[in-house]
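> Sequence and predicted structure below; questions after.
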Amino acid sequence: MNIPNPLQTELDALTETLDQLLHTVQRMDEENRSLRHSQEQLATERAGLLARNEQARSRVEAMIQRLKSLESSG
């Protein structure tokens with residue numbers, strides 16, 4: 001008959017806690033990688049949107065200049 005002693009009981013509890021912590025660290029590491037990937041994608045998307053916005057602004061300014069020149073010559 002194997003009667004667990006207090007030291008073995010404590011060791012088993014610590015082992016279980018350590019297993020849970022390792023699982024949590026692995027899950028958080030995976031989540032962190034996923035979040036970093038998402039952040040990179042969003043940064044790329046943002047840069048593209050900023051570039052498109054700048055192009056649109058330039059075109060609008062060019063149109064305004066052409067309208068002004070037509071107005072002054074007409």
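Now that the structure is in, tell me what you want to look at.

> Could you use CA atoms for every contact and neighbour count after this?
Noted.

> who's in contact with Q8?
Contact analysis of Q8 by CA atoms under 8 Å, 6 or more residues apart in numbering lists nothing.

> Find the centremost residue of the chain, please.
Central residue of the chain (CA atoms, centre = their mean): Q39, 2.7 Å from the mean position.

> what separates it from R46, distance-wise?
10 Å (CA to CA, to the nearest Å).

> cool, and Q65?
28 Å.

> And the helices in this structure?
Applying DSSP state H to the chain gives helices spanning 6-73.

> burial of A51, as a residue count?
Neighbourhood size, A51 [other CA atoms under 10 Å]: 12.

> what do you get for L49?
12.

> Kindly report the same for L18.
Neighbours around L18, by other CA under 10 Å: 12.

> Repeat that for the one 10 residues further on.
When neighbours are counted by other CA under 10 Å, M28 registers 12.
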